[in-house]
Each structure stands twice: as C-alpha cells, then as structure tokens.
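>>> structure here, sequence nowhere to be found:
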C-alpha cells in the first residue's frame, strides 16, 4: 500500500517536476519555495517566510493549512526543519552511479556474530488470536493507515520504537510505560526506560499511534491483545505503507510488568558505534551479522536529530575536521541544518538523503556513495564482515526485503514474556495495576 497522491499546502508554490532536482521555485508573494519530485508521494516545501528555516512534508489530498494551523492541529504536524533539498541534490548526483551488481545469496544470520547465542523463543504463532480476536491485524491496520495519511513521520517513528523495545529486555512494551512526571524528573534518578537519554527523542507520534491502535483493539477484544503485539503489528503496517514488504507477524507476547531505566544503557546501538560494538550488542540479543546489516536498512526511512551527526561533520575523533568517509557535499549540506553550537535541538536530518519517506534499498546505495548519515551506518560499508552484504543489498531490493523480514521475525522473538511473567495492559502507558 502506497501513500495517496500529493498536493502542496497553499503557502507553497509547486516547482517543476524532476527526476533530478529542478531549480527552486519561489512564490514572490509568500517567500516560499519548494522542490517536488515527479514520482514522490510527498510535497517538500521550503518555507522562508519565518526566521527559522524548515520544511513541511504534506500528504496529498490533505486539507490545505497554513504553518500556524499545522502546529495547532491534533498531534504534532509533520514539520521537519531540514535543508532536505540540498541533501537530495547531493544524493541525486552521487547515488545513481553507485548501484552494486548482483551478488551471491544472502548469508544466514548464523553466519556471523561469533559469540551469538540463540534468541529465546516462546511459541509465538500467526494464529494466536484466531479465536479470541481474529480481526486484530485489520483493526490495527485501519488505525495505522489513517495515521500514516495525516502523520507520515509516525511510520519510521513506530519502527524505531519497536527496535528500542525489543533491544531492552525483549519485545514486551516496556518502552511504552509513561515517563516520570516532569516535576519529579528534575530531582529524581531515571525510573523507567523512557526517562533515559537514549529514549527521550523518540517521537510522541509513535506512542500516540500505538495507544490509538490499542484502544481500537480493546473496543473489539477487551483484555485480550497485548500492547507488545499491537506495537509489532503497527511496525509491520508502516513498513508496508512506506513501500516496503508486507509480512505476517507472529503473536502471543505479553506486556512486561516492569520498565527499568537501568536496563537501557548498553542495550542499544549508538550513532557512532563501531562494527565490533554493533556486533556485540546484536549478539547479546541472539542476532548475527546478517541481522545487523538487514535491520540497519530500517534507516531507509526516518530522521535523526543533529546531535547524532555533529561529531562527524565538525570534529571527527578529535581532529576538528569532518569524517573523511562522508562526502564533502553532504558535510556542507548538513552543516547548513546543524550548526556546531546554538542550533535548535528539534532540527532533524534524513537518514536516507535520496528517498527519505520510501522504504527501499537506497540506504545501502547511499553507503557506497559515502552518504551514510551516522558513523554506525557508514561503518557497514567499510568493515569486511558487513561490506559484502551491504553491497549486495544495494543492488537488489528483493533480497533486502527478504533479509529484512527474516531479521524482523528474529528480533520480534527476543525474550518474550509469557504466563505470569507478563500482563495484558488496557492502556499501554500504564501497568495493569495502575489503571
């Protein structure tokens, strides 16, 4: 399922279509210009009418709204302040020549990881709710489809949320427990997973989507389906809605009875992790080298905050110079969005500078062209343990989809809670006894 067609908001003037980037069109009356790809489902509007440069990503056929109306509408409208047109320009000139040739069949997950141990599996099944809530997939899909139309950035946000959940104590919805109240957080140590720095930038749209989907399921099947399963289904739906594969999701998880801040540190990859560090983290979850490369492909959609790239573009490893592995034109474009100091903490830049809203294999081609955003991304194209597979997936979308689906299934089976070790929450942000 692909997003519906697109029109620009009335504050922006549509520029000429392009397979490559066209010159920026600007409306003299509004001071607003845009670049729009001829086949893209998104309209990208560069708004110069305010003091802060930002972009609007507006789904087609949506109501035409002004910038102020977008900010005050339900939820947080998709208002990404990024110099995306420059990043796309870099990508269009470089990525096209970097497509890798067909390679040999994908290695299995067991082929790498050295100390990898088998993930804990607890009898998840595709028909777990066949008698108790047979329409659960359709119920969740109806919510995610509507949310994706209004809030397309919720897609990659939910996918990231699923990863952060599974990598900390397993796929048990512990990441969904509400953070410590603002007043208490200032004087108290972190309590739940969401209190930790690693999770503070997880977009609220993702949590809202899961709560809405859970509420819809509860209205039809009260007390039956876990939040952990709803999150897994929502992540699958968003992959498909962004142009990726549809795959069956095994179900039967229970929600964790605890969410512990102390379990977060060391459980998640960092933006500047080396391949050695990445493989150690993945091995601790029962995942191997092939899983690392395939799941990293989730960065074909979504955005990262500037804080995660500042070191690469200004002071790589204390050299006061940018990372030599990043293309100089990408460095220049990123510096326009991410100043070395004094910039907004809300500014984000796309992981995939060529197709940031399309779930495809362009992420891997970007790595070959030295257009990886994070150091941990670019490292995959340099290390001999991951380079061959990254090159292969750059040249074959079908194989990427196959590898991604297989690794999502393995990740979704990490440390599942069953029986009395878990609960079925009514509200995903609150433990059952607290409701």
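Nice, thanks for sending it over. Keep in mind it's a predicted model, so treat the numbers as computed, not measured.
>>> burial check on residue 357, number of neighbours?
Other residues near residue 357 number 23, with proximity taken as other CB atoms under 10 Å. Placement of C-beta: from N, CA and C, glycine included.
>>> which helix or strand contains it?
Counting by DSSP states H and E, no helix or strand carries residue 357.
>>> just the pLDDT at it, thanks.
If you check residue 357, the pLDDT there is 89.
>>> my read: it touches residue 152, true?
Yes. In this structure, residue 357 is within contact of residue 152 by CB atoms under 8 Å, at 6.1 Å.
>>> got the domain boundaries for this structure?
Residue ranges for the domains of the chain, per automatic domain parsing: 1-81, 97-106+288-398, 123-268+414-434.
>>> redo those domains as JSON lines? Include distance to residue 277.
Shown next, in JSON lines, are these (distance: least, CB to CB, whole Å):
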{"stretch": "domain 1-81", "distance to residue 277": "29"}
{"stretch": "domain 97-106+288-398", "distance to residue 277": "8"}
{"stretch": "domain 123-268+414-434", "distance to residue 277": "10"}
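>>> what's the longest helix along the chain in contact with?
Scanning the chain for the helix with the most residues, using DSSP state H, yields helix 204-220. For helix 204-220, the surrounding residues in contact (CB atoms under 8 Å, 6 or more residues apart in numbering) are 75-76, 133, 135-136, 139-140, 142-144, 147, 151, 153-154, 157-158, 160-161, 176, 224-225, 227, 230-231, 233-234, 425-429.
>>> report the buried members of these.
133, 136, 139-140, 143-144, 147, 151, 153-154, 157-158, 160-161, 176, 224-225, 227, 230-231, 233-234, 425, 427-429 (16 or more other CB atoms under 10 Å).
>>> just those: which are in helices?
Using DSSP H, those in helices are 136, 139-140, 143-144, 147, 154, 157-158, 160-161, 227, 230-231, 233-234.
>>> ok, for residue 409, nearest residue in space, not its chain neighbours?
Of all residues not flanking residue 409 in the chain, residue 250 sits nearest, at 6.9 Å (CB to CB, 6 or more residues apart in numbering).
>>> what residues are up against that neighbour?
Applying CB under 8 Å, 6+ apart, we find residue 250 in contact with 124-126, 128, 409, 412-413.
>>> what ranges do the strands span in the stretch 201-350 of the chain?
Using DSSP state E, counting those that start in this stretch, the strands assigned to the stretch 201-350 of the chain run over residues 255-256, 303-305, 348-350.
>>> what packs against the last one?
Using 3 or more CB pairs under 8 Å, 6 or more residues apart in numbering; DSSP states H and E as the contact criterion, the elements in contact with strand 348-350 are helix 84-94, strand 303-305.
>>> residues making contact with the last one?
Strand 303-305 is contacted by residues 80, 82, 153, 156, 201, 271, 345-351, 356, 373-374 when judged by CB under 8 Å, 6+ apart.
>>> switch the cut-off to 7 Å
80, 201, 345, 348-351, 373-374 (CB atoms under 7 Å, 6 or more residues apart in numbering).
>>> check stretch 221-238 too.
By CB under 7 Å, 6+ apart, the residues outside stretch 221-238 that reach it are 129, 132-133, 136-137, 140-141, 144, 148, 155, 158-159, 161-162, 165, 171-173, 176, 209-210, 213-214, 217, 247, 249, 251, 253-255, 412, 424-426, 428.
>>> so where's the stretch 151-300 of the chain shaky on pLDDT?
Scanning the stretch 151-300 of the chain for pLDDT under 70 picks out 182-188.
>>> recalculate using a threshold of 90.
Within the stretch 151-300 of the chain, the stretches with pLDDT under 90 are 180-190.
>>> again, but for the stretch 1-150 of the chain
Ranges of the stretch 1-150 of the chain meeting pLDDT under 90: 1-123.
>>> buried among the contacts of residue 250? Make that a ChimeraX selection.
Buried residues within these, by 16+ other CB under 10 Å, are selected in ChimeraX with:
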select :124,128,412,413
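>>> which of the contacts of residue 250 sits closest to residue 298?
Distance to residue 298 across these (CB to CB) is lowest for residue 412, with 13.0 Å.
>>> OK, contacts around the closest one?
166, 171, 232, 250.
>>> any idea which helix or strand comes after the one helix or strand residue 389 maps to?
Taking DSSP H and E as the criterion, residue 389 maps to helix 387-394. Where DSSP H and E defines the elements, the next helix or strand beyond helix 387-394 is helix 397-411.
>>> for that next one, what does the pLDDT average out to?
98.
>>> give me the buried positions along it.
397, 399-408, 410-411.
>>> so who does residue 155 touch?
148, 238, 241-242, 301.
>>> show me the residues around residue 167 that make contact.
267-268, 285 are the contacts of residue 167 under CB under 7 Å, 6+ apart.
>>> 8 Å - rerun?
267-268, 281, 285, 411, 414 are the contacts of residue 167 under CB under 8 Å, 6+ apart.
>>> give me the distance between it and residue 248.
Using CB to CB, to the nearest Å, we find residue 167 at a distance of 22 Å from residue 248.
>>> also residue 278?
Counting by CB to CB, the gap from residue 278 to residue 248 is 28 Å.
>>> which of the two has more neighbours?
In this view residue 278 and residue 248 are compared by other CB under 10 Å, and residue 278 has more residues nearby, 22 against 11.
>>> follow-up on the earlier one: between the contacts of residue 167, which sits nearest residue 329?
Nearest to residue 329 among the contacts of residue 167: residue 268, at 30.4 Å, using CB to CB.
>>> quick one on the thing from earlier: redo the contacts of residue 155 as JSON lines? Include distance to residue 316 and neighbour count.
Below are the contacts of residue 155 laid out as JSON lines (distance: CB to CB, whole Å; neighbours: other CB atoms under 10 Å):
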{"residue": "148", "distance to residue 316": "36", "neighbour count": "23"}
{"residue": "238", "distance to residue 316": "33", "neighbour count": "26"}
{"residue": "241", "distance to residue 316": "36", "neighbour count": "22"}
{"residue": "242", "distance to residue 316": "31", "neighbour count": "24"}
{"residue": "301", "distance to residue 316": "26", "neighbour count": "29"}
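>>> which ones among those map onto helices?
Mapping those onto helices (DSSP H) picks out 148, 238, 241.
>>> without its sequence neighbours, what residue ends up closest to the first one?
I take that to be residue 148. Closest residue to residue 148 apart from its sequence neighbours, by CB to CB, 6+ apart: residue 241 at 4.7 Å.
>>> also the second one?
Nearest-residue entry for residue 238: residue 155, 3.7 Å, with adjacent residues in sequence omitted and distances by CB to CB, 6+ apart.
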